[in-house]
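Engineer: this is a predicted model, with the sequence first.
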Amino acid sequence: MENSTAVTEFILMGLSNLPVVQLSLFAAFLLIYLITVLGNGIILLAVGTDSHLHTPMYFFLTNLSLLDIFCPTATVPKMLKGLLMEKNTISFVGCILQLYFLVALAGTEVFLLAAMAYDRYVAICNPLRYTLIMSKKHCLQMVSGTWITGFLNSLLHTVLTFILPYCRSNRVNQYYCDIPPVLALSCASTYLAEMAVLIVGGIFGVGAFLVTLVSYIYIISTIVKIRSAEGKRKAFSTCTSHLMVVCLFYGTIIFTYIRPSSSHHPDQDRLVSMLYGVITPMLNPLIYSLRNKEVKGALKRVIVHLWR
């Protein structure tokens, strides 16, 4: 280690080396990113300006929209720049910051999805106590807890990742800095960092997943008892939308992180990371909000107001 040359920058492996393909990818991902920012931005504007949407459910939704703007912003602009350059490099410090914010935002979303499931549980299973349980203070505490836990969890993983010496190749087999491809470049044992991802990440991830799962077990058992077909349809529609994103998010996160670094295949990892890092944030406004009549009405009012 003493005679090794320390890595001062990393080379991010892009999605393609063919110029024609790179230009096509640049146009496609720029469009996806703009749609993501615009879609989630409109949701934030609609909820913020319509007093009818100032409820716990939409308060959680605004935080989800913020995460869906921040998460791709941590990776996509750098990726777009790399598609236009022959050599896509990132400084050592830049890599640390990118990894930290990406893991923090992903972790925060895991906890937020659990909080949203709990909110639906209270609304459907304890409607008479909903206002009391989901008070403004309680909602603020829940959301603050998700952000703080997500960022503290990321701090642990980031420190364990970058206290390791890096003196091998500096080519990261991903289009951004992430834990598995960065650890693969270390010239020391990565056992502790990998175990932290498996154990700490597993505990938080499984804990949040169990909150979501148990909430929906109670939700479904309550919905089944509803006599009104219309009531069942509305309840199931809300639950299905949430579960679709939960399954997609958890599935891609588990596939990406809950594996030893030796089993990672670069092409698979890039494809999977595209799903949760780029595509899912674009779809979330549609899945969560645009199917909701209240949000549709608020969006129409916002559009009419802007055009005046």
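Structural biologist: Received it, and whenever you're ready, just let me know what you need.

Engineer: low-confidence ranges in the stretch 1-150 of the chain?
Structural biologist: Scanning the stretch 1-150 of the chain for pLDDT under 70 picks out the ranges 1-5, 16-19.

Engineer: run the last query once more with 80
Structural biologist: The model of the stretch 1-150 of the chain has pLDDT under 80 over residues 1-7, 14-21, 52, 86-87.

Engineer: hey, where'd the strands end up in it?
Structural biologist: For the stretch 1-150 of the chain, the strands defined by DSSP state E, counting those that start in this stretch occupy 9-12, 89-91.

Engineer: need the winner for burial among the ones you listed.
Structural biologist: Highest mean neighbour count of these: strand 9-12, a mean of 19 (counted as mean count of other CB atoms under 10 Å). Glycine gets a C-beta too; all of them are placed from N, C-alpha and C.

Engineer: and that one, what does it pack onto?
Structural biologist: Judged by 3 or more CB pairs under 8 Å, 6 or more residues apart in numbering; DSSP states H and E, strand 9-12 is in contact with helix 76-83, strand 89-91, helix 92-125, strand 171-172.

Engineer: ranking those by burial, who's on top?
Structural biologist: The stretch of the helices and strands packed on strand 9-12 with the highest mean neighbour count (mean count of other CB under 10 Å) is helix 92-125, at a mean of 21.

Engineer: so that helix versus helix 76-83, what angle?
Structural biologist: Using axes from the mean of the first three to the mean of the last three CA atoms, to 10 degrees, the inter-axis angle of helix 92-125 relative to helix 76-83 is 140 degrees.

Engineer: helix 92-125 - contacts with which helices or strands?
Structural biologist: Here helix 92-125 touches strand 9-12, helix 56-73, helix 130-133, helix 136-162, helix 179-183, helix 191-224, helix 229-257, going by 3+ CB pairs under 8 Å, 6+ apart.

Engineer: who are the packing partners of the fifth one?
Structural biologist: Helices and strands in packing contact with helix 179-183 are listed as helix 92-125, helix 136-162, helix 191-224, helix 229-257, helix 266-274; criterion 3+ CB pairs under 8 Å, 6+ apart.

Engineer: which one of those lies nearest to residue 302?
Structural biologist: Nearest to residue 302 among these is helix 229-257 (21.3 Å), distances taken as CB to CB.

Engineer: quick one: which of the helices and strands packed on helix 92-125 is nearest residue 171?
Structural biologist: Nearest to residue 171, of all the helices and strands packed on helix 92-125, is strand 9-12, at 4.8 Å by CB to CB.

Engineer: sheet-wise, list the partners of the closest one with their directions.
Structural biologist: strand 89-91 (antiparallel), strand 171-172 (parallel) (DSSP bridges).

Engineer: any chance of the ones you listed in CSV, plus distance to residue 65?
Structural biologist: Converted to CSV, the strands paired with strand 9-12 look like this (distance: least, CB to CB, whole Å):
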stretch, distance to residue 65
strand 89-91, 27
strand 171-172, 29
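
Engineer: quick one: closest of the ones you listed to residue 147.
Structural biologist: Using CB to CB, the strands paired with strand 9-12 put strand 89-91 closest to residue 147, at 25.2 Å.

Engineer: okay, the helices and strands packed on helix 92-125, which one's buried deepest?
Structural biologist: Most buried among those, counting by mean count of other CB under 10 Å: helix 179-183, with a mean of 23.

Engineer: against residue 112, how distant is residue 145?
Structural biologist: Residue 145 sits 10 Å away from residue 112, going by CB to CB, to the nearest Å.

Engineer: whoops, I mixed them up, residue 286
Structural biologist: With CB to CB as the criterion, residue 286 and residue 112 are 18 Å apart.

Engineer: mind putting the strands of the stretch 1-150 of the chain into CSV with distance to residue 60?
Structural biologist: Converted to CSV, these look like this (distance: least, CB to CB, whole Å):
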stretch, distance to residue 60
strand 9-12, 33
strand 89-91, 33
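
Engineer: between these, which one is closest to residue 185.
Structural biologist: Nearest to residue 185, of all those, is strand 9-12, at 7.7 Å by CB to CB.
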